[in-house]
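Chemist: make a model of this:
(one chain, ligands or ions: 2)
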Amino acid sequence: MFLTVTPNPCIDKTIFIPKFKPGDRVRSNKYTQISGGKGNNVARVLVTLGFQAGALLWVGGYTGKQVVKMLRENDKVKCFPVWTEIPTRTITTILEEEYGRQTAFFEPGPLISSQEYNDFIQTFNKVIYSHSIPIVVLSGTVPDPKVSFLYRDLIKIANRQGIKVILDTYGNEFSEGIKSNPYMVKPNVEELTKFLNTDLKDINSKIEAIKHLHKKHKIPCVVLSMGREGALVCWNNTYIHILPPKIKEINPVGSGDALVAGFTVGLYKGFSIEDTGRLGVALGTANAMMWDIGKFAIRDLINIYERIKIYKINPISNQKVQYKEHTPLLALLPKLKDFSL
Ligand SMILES: Nc1ncnc2c1ncn2[C@@H]1O[C@H](COP(=O)(O)OP(=O)(O)OP(=O)(O)O)[C@@H](O)[C@H]1O
Ligand SMILES: [Mg+2]
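Modeler: Ligands and ions are numbered 1, 2, ... in the order given. Sure thing, here's the model as predicted:
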């Protein structure tokens with residue numbers, strides 16, 4: 001089982017309306033809700049790919065119970081809830097169908113007591129000792145700035161157990177987390193720009209930035225996701241750029257989480273960096289083609305996977321050369337055949 005960690009989950013609610021302007025009172029006759037939070041999105045993608053996923057999360061109140069229920073019943077994810085005094089937040093997105101425009105409202109996350117912090121660490125320990133966990137994915141923000149060092153502590157524990165950690169976060173959580181040497185990080189361009197406090201507009205500066213994380217911070221696998229421009233990956237001193245085909249973008253939220261799920265599978269299965277990157281980018285792109293976060297059509301995934309282009313980058317000159325070989329997706333993940341028609 002893979003373990004995802006989501007310290008700051010939410011009910012992710014979308015209300016569909018024709019259009020609105022600030023100050024309006026708007027009635028809707030359609031809404032959807034899912035168990036939100038970045039690690040939960042990763043878990044949902046892993047389950048769709050045919051893997052078992054567990055979710056460790058802080059939850060509280062009625063909304064917290066709902067998150068756990070939806071994860072268990074709808075997403076088939078094994079849940080390890082750690083209860084907080086303060087209820088779980090709801091994120092409400094208003095989707096104006098006439099414009100395809102979305103406006104999101106975020107409630108604050110809970111404050112965490114020292115007891116609740118210790119409960120989280122203890123539950124993490126229990127889960128990794130009592131299950132066979134090859135990879136842990138740490139995703140998103142930590143709700144209380146007082147404990148923004150949470151990931152630093154969790155990575156230390158996982159590393160002692162020989163479990164690979166993928167860290168996908170930003171801000172303090174990122175700068176604290178990388179002090180404990182995660183196996184992989186996945187910032188997007190905005191997140192890495194802020195962390196390095198430098199402009200990452202052209203491709204050379206992006207390559208130099210991932211080199212920096214790889215060499216200076218000793219992170220074996222660095223993935224910089226770049227939306228429709230795909231991803232730059234550095235893995236043990238090999239550098240590649242993975243470029244997805246053009247698609248009709250419906251909702252790219254959670255595409256980074258879908259990409260992380262692909263890398264989780266590739267690292268676990270021992271796929272090559274090129275096959276792993278192709279799978280990750282194809283998942284991110286397939287996610288962007290659907291409204292629901294962490295959902296994709298297997299048909300889209302297979303189709304995109306075949307159309308992706310990969311370029312190898314010479315780490316000295318930064319010159320790119322196209323790399324043409326790849327393993328068909330159904331040869332990598334034969335179980336997908338069962339869901340693909
Ligand atoms: N418009 C798009 N066209 C094609 N591929 C896309 C598009 N948007 C996202 N992707 C794919 O998804 C991957 C991750 O996207 P992005 O860089 O936007 O992640 P992110 O900002 O971390 O997203 P989030 O945090 O919401 O999950 C990209 O590397 C790319 O493969
Ligand atoms: Mg992201």
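
Chemist: which residues does residue 280 contact?
Modeler: 223, 231, 242, 258-263, 266 (CB atoms under 8 Å, 6 or more residues apart in numbering). In this view, the C-beta of every residue, glycine as well, is placed from N, C-alpha and C.

Chemist: make that residue 327, sorry
Modeler: 271-272, 275.

Chemist: just the pLDDT for it.
Modeler: According to the prediction, residue 327 has pLDDT 94.

Chemist: again with residue 341
Modeler: 50.

Chemist: try residue 337
Modeler: For residue 337, pLDDT reads 79.

Chemist: what do you get for residue 100?
Modeler: In this model, residue 100 carries a pLDDT of 87.

Chemist: tell me the one of the contacts of residue 327 nearest residue 54?
Modeler: Comparing those against residue 54 with CB to CB places residue 271 closest, at 22.1 Å.

Chemist: that closest one contacts residue 332, doesn't it?
Modeler: Yes. Using CB atoms under 8 Å as the test, residue 271 is close enough to residue 332 to be in contact (6.2 Å).

Chemist: among the contacts of residue 327, which lie within helices?
Modeler: Among the contacts of residue 327, the ones falling in helices (DSSP state H) are residue 275.

Chemist: put the buried members of the contacts of residue 327 into a PyMOL selection.
Modeler: Buried members of the contacts of residue 327, defined by 16 or more other CB atoms under 10 Å, are picked up in PyMOL with:
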select buried, resi 271+275
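
Chemist: ok, now how distant is residue 309 from residue 205?
Modeler: Going from residue 309 to residue 205 by CB to CB, to the nearest Å gives 21 Å.

Chemist: residue 278 now?
Modeler: Taking CB to CB, one finds residue 278 at 24 Å from residue 205.

Chemist: what of residue 14?
Modeler: Taken as CB to CB, the span from residue 14 to residue 205 is 36 Å.

Chemist: out of the two, which sits in the busier spot?
Modeler: Counted by other CB atoms under 10 Å, residue 14 and residue 205 do not tie: residue 14 has more neighbours, with 21 against 13.

Chemist: look up how far ligand 1 lies from the more buried one.
Modeler: 15 Å (CB to the nearest ligand atom, to the nearest Å).

Chemist: turn the contacts of residue 280 into TSV, columns for pLDDT and neighbour count.
Modeler: Below are the contacts of residue 280 laid out as TSV (pLDDT from 0 to 100; neighbours: other CB atoms under 10 Å):
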residue	pLDDT	neighbour count
223	98	29
231	98	24
242	98	29
258	98	30
259	98	29
260	98	30
261	98	31
262	98	28
263	98	30
266	98	22
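
Chemist: possible to save these as TSV with secondary structure?
Modeler: Converted to TSV, the contacts of residue 280 look like this (DSSP: H, G, I helix; E, B strand; the rest coil):
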residue	secondary structure
223	strand
231	strand
242	strand
258	helix
259	helix
260	helix
261	helix
262	helix
263	helix
266	helix
